[in-house]
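1. need a structure here:
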Amino acid sequence: MATLPGPESFDRGGQRAVSLPSLLSSPSYSPPESPSPTRPLPPTATATATTHQPYPPHVPSPRFANDFVGLGLWSEGDSSRPVTPGGEDWVRRPTPPSPPRFGHSPHGSDRDYGDDEDEDDHDHGEPYTPLSASSVDLDAGPEPDIFSVHLKPRDRLSSSSSTSSRQSSYARPKEKYGPTDSIAPPRRGGLRDASSDAEIPLLPVSQQQLHQPPPPKEGYAGETMARRRRKCLTYSILFVGLFGIAAALANAVRQHRVQWGSDSGFRGVDLAANQVDVEEKSWSRGGDGDTVTTETGATFVYTNQFGGTWDSSPRGMGARAQSFTPALSERWDYAKNAIAGVNIGGWLNLEPFITPYIYEPFLDWDTPAIDEWTLSINLGDRLAEVVEEHYNTFITEEDFAEIARAGLNWVRIPLPYWALETAEGEPFLAHVAWKYFLKAMQWARKYGLRINLDLHTAPGSQNGWNHSGKTGSVGFMNGVMGVANAQRCLNHIRVLAEFLSIPENAEVVPMFGILNEPQVWVMGDESLRSFYLEAYETVRNASGLGEGHGPMISIHDSFQGPSLWTDFLKGADRLALDQHLYLAFREPNTLSLRQSALMPCAKWAAKTNMTLATFGLTTAGEFSVAVNDCGKFLNGVNLGVRFEGTYPHARNPSFAGVGSCKEWDDYRGWDDEMKEDLKDIALANMDAMRNWFYWTWKTGISLTTNRTTNPLWNYSLGVREGFLPADPRQSQGFCLSNNERQKAKPIHSYHWNGALQAYQTGGPGAGTIEPTELAKYGTFPPATLTKGLVASLLPTYTQTGTPVVLNGLAATATPTTMGEAKGWFVPVEGCEYPGPWDGVKASVPTAACTGL
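-> Below you'll find the predicted structure:
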């Protein structure tokens, strides 16, 4: 396999792509004199580095008396030999860092394209042969027969040029064949269906003189031929007109466009403009050693020693990430099958610590870029150019193939709400990220991966951290705009739920995280839980109840620990609890790596079993092997680190600093013993958590070092360099075996019998929530918010807007809805609203606004 070019200059489908580090560091890149005239910004759209809200101190979770005995994570299946990490062709690409996360992992960025060793080719079936060069409209669904052109000899035109172009689409390998030879007519979408027996006569392609019209019958005069021509012309015009009308009507039915009503107050959106076009081609399938053609036309050799297969059909469901992983067409059993996943962080939702090279050019500006809000302002007119180039290059189709090759079966994709819409004054790049999420869906379908879609941001910010969009205050369910921001978030949840409830999409995206890391200690427990119930009902009103109707709904525990959520919404249909479990964001860790490998099992394994036995499905949506907070921009841009004693507002005296981050930041100096110890920490986390998503797949370079940053947060780099396991199944039973090997204090497990209750996976009883839970949290919004704010006095939206439907690859039908469909949350005409991000400091109204 040819060596791929490095991060500074790489080729995508034959076209030289712009290198973002070079683009951002070019001499011509200077601060704009003023914000873009096309993007009006409010006076509050600036920020300073001195006003950053640091990551809050860890809130200890309730402790359990019992500890853990190793979990058996994997269902029975092939025990394929582990993937050999490495290869000269692994390519590193840059990634930004993230703010101090209270349990949030940073994001990583090295890419593995496969080994250079030649593999024997394996035949996995012949590809379909295209009959024409027309494109396939993935939104349109199956094309009716009227769009399939079946040529017969008498339909051919007498012009040799026209004849040649038409026949070339139907040419067969043989040089000669007669009128009785045939080919199968095109199936749906114009592809050849080998099962069809219909025959269409064809003449040799090289023959220029086709059947001539029969001679005029006796009694027909010359003027009759002229009349024939006029009739033919008339019929042709009539046919073309009718065909155009039919096509327009069909297109109107098929195209679902997002259009905010004129009363909404939000920016107009046309997501159809970001539709992913997939050219009709030879769809094919294959496995290890076969050549894959990407959407750009580039090719690479697919390597997957776990027996994984791929399927390039745009609606194919037969791909498997590994031979022991259910294909997309098969049911995922949450009790039997363990999730081994990875986050694709820092891609559609930018974070400074994952792609520091995007943020570093602005460090010396009066208002440095510390989050996506300030980055968007500083980029000005270059916002679309720089951010979309990042979308287009940081993650590509090859990454999804490599994720399957690494033995992983799920991906968690953080998505910002500005992929769907923005309000006036919000500087984010609107709508473009949605196009790339659609690409991710198609890539996941192609390589047999399932997606956990995580709504990572909310208007006003749900946690005040940079990965929420803007560093600072929490304006979600808090402050004057808290309820209105939550209502706007419900719009986003609703439209995504409807999209994910379409059967073709549901198989690829079976899980939906509705809110990432909300700060319950700011918004209050009742406010958060009442929002969760309202969001749950929003999703289920869109999807319907029971297995096969929409996604599993994932809610974050807000770092409270699972014991406080045991009985929450008991009886709900397919509700999962998400925890983000980190060793890094606590007091500086002075334990050795070997000692640290005992901590995940002792701290979290018993809690995992307890939650599975009571609440139901639980996942660790984020974790990493980092044992300290060393890393560039990990806690925020230029906020320092606890480990070195440079992190601000550290309340614990031990934060004075315990060591240097130098050895932790450069993986090139790690010896084999250190790598094995880090691998043990990973295996301990995986065994203790059962269902997990590593944070993150890759991290980018820094312009100051020109090398990959934050290696402990980079899964692809870890597999390549050997400090993360090449086969995640090695984690099965690791907690017990490692404890015995180190002769540590015996640990005990909370017993889980390996089964989930029927309602927890959409079976009988799903959706029948206990009345006590409905009584406690069934009123949204609650009567009062934190700090005594009376909800009835706060500005809110009215649910009278026109609902919207997302455009997407598989949006071929209207989702089934249960009950009466309510309108969209839109501003009340005649009422004034503070900015969505200004509500915390806004004056509290003394009376409710009822509008005109």
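
2. what about the strands in the stretch 751-852 of the chain?
-> Using DSSP state E, counting those that start in this stretch, the strands found in the stretch 751-852 of the chain span residues 798-801, 824-826.

3. Of all those strands, which one is nearest residue 549?
-> strand 824-826 (22.1 Å; Cβ to Cβ). C-beta here means a position set from N, CA and C on the backbone, and glycine is covered the same way.

4. and among the strands of the stretch 751-852 of the chain, the most buried is which?
-> Stretch with highest mean neighbour count among the strands of the stretch 751-852 of the chain: strand 824-826 (a mean of 22; mean count of other Cβ atoms under 10 Å).

5. Direction included, what does that one pair up with?
-> Strand 824-826 has the following strand partners under DSSP bridges: strand 798-801 (antiparallel).

6. Give me the mean pLDDT for the strand it pairs with.
-> The average pLDDT within strand 798-801 is 93.

7. can you tell me the helix or strand for the closest residue in space to residue 406 that isn't next to it in sequence?
-> Ranked by Cβ to Cβ, 6 or more residues apart in numbering and with sequence neighbours excluded, the top spatial neighbour of residue 406 is residue 719, at 5.3 Å. Secondary structure from DSSP states H and E places residue 719 in helix 715-721.

8. State the number of residues packed around the residue nearest to residue 406.
-> 27 (other Cβ atoms under 10 Å).

9. could you check the distance from it over to residue 403?
-> 10 Å (Cβ to Cβ, to the nearest Å).

10. again with residue 697
-> From residue 697 to residue 403 the distance is 7 Å (Cβ to Cβ).

11. anything in contact with each of the two?
-> Listed contacts common to residue 697 and residue 403 are 342, 411; contacts here mean Cβ atoms under 8 Å, 6 or more residues apart in numbering.

12. So which of those two has more stuff around it?
-> Using other Cβ under 10 Å as the criterion, residue 697 and residue 403 rank with residue 697 on top: 35 against 25.

13. List the buried residues of the helix holding residue 719.
-> 715-721 (16 or more other Cβ atoms under 10 Å).

14. which one of these sits closest to residue 786?
-> residue 715 (37.4 Å).

15. Make sure that closest one is actually in contact with residue 699.
-> No - with contact defined as Cβ atoms under 8 Å, residue 715 does not reach residue 699; the gap is 9.6 Å.

16. State whether the residue nearest to residue 406 and residue 726 are indeed in contact, as I suppose.
-> Yes - if you go by Cβ under 8 Å, residue 719 and residue 726 touch, sitting 5.7 Å apart.

17. hmm, back to that, ok, so what distance separates the residue nearest to residue 406 from residue 697?
-> 10 Å.

18. now swap in residue 523 and tell me
-> Counting by Cβ to Cβ - residue 523 and residue 697 are separated by 31 Å.

19. Likewise for residue 569?
-> Taking Cβ to Cβ, one finds residue 569 at 32 Å from residue 697.

20. How about residue 659?
-> Counting by Cβ to Cβ - residue 659 and residue 697 are separated by 28 Å.

21. CA atoms only for whatever helix or strand residue 434 lives in, dumped as CSV, please.
-> Using DSSP H and E, the element containing residue 434 is helix 432-447. Backbone C-alpha positions of helix 432-447 (Å, rounded to 0.1, in the frame of the first residue of the first chain) are rendered in CSV as follows:
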residue,chain,number,x,y,z
VAL,A,432,-23.1,22.9,7.5
ALA,A,433,-22.3,20.3,10.2
TRP,A,434,-25.5,18.5,9.4
LYS,A,435,-24.2,17.6,5.9
TYR,A,436,-21.2,15.9,7.5
PHE,A,437,-23.3,14.0,10.1
LEU,A,438,-25.2,12.6,7.1
LYS,A,439,-21.9,11.5,5.7
ALA,A,440,-21.1,9.9,9.0
MET,A,441,-24.3,7.9,8.9
GLN,A,442,-23.5,6.6,5.4
TRP,A,443,-19.9,5.7,6.5
ALA,A,444,-21.2,3.9,9.6
ARG,A,445,-23.7,2.0,7.4
LYS,A,446,-21.0,1.0,5.0
TYR,A,447,-18.7,-0.4,7.7
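
22. Show me what it is packed against.
-> strand 309-311, helix 383-394, helix 397-405, strand 410-415, strand 450-455 (3 or more Cβ pairs under 8 Å, 6 or more residues apart in numbering; DSSP states H and E).

23. Which element is encountered next along the chain beyond the first one?
-> So the one you mean is strand 309-311. Past strand 309-311, the next helix or strand by DSSP H and E is strand 340-343.

24. send the alpha carbons of that following strand over as PDB?
-> Taking Å, rounded to 0.1, in the frame of the first residue of the first chain, the C-alpha atoms of strand 340-343 are listed here in PDB:
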ATOM      1  CA  ALA A 340     -17.200  -1.100  22.600                       C
ATOM      2  CA  GLY A 341     -17.200   2.400  21.200                       C
ATOM      3  CA  VAL A 342     -15.200   5.600  20.600                       C
ATOM      4  CA  ASN A 343     -16.200   9.200  20.500                       C
END
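
25. Enumerate the positions of it that are buried.
-> 340-343.

26. go on, stretch 772-784?
-> 773, 776-777, 780-782.

27. which of the residues you listed sit farthest apart?
-> Within the buried residues of stretch 772-784, 773 and 781 form the most distant pair, 17.0 Å apart (Cβ to Cβ).

28. Is it correct that residue 363 is in contact with residue 638?
-> Yes - between residue 363 and residue 638 there is a contact under Cβ under 8 Å: 7.1 Å.

29. Need the overlap of contacts for those two.
-> Common contacts of residue 363 and residue 638 (Cβ under 8 Å, 6+ apart): none found.
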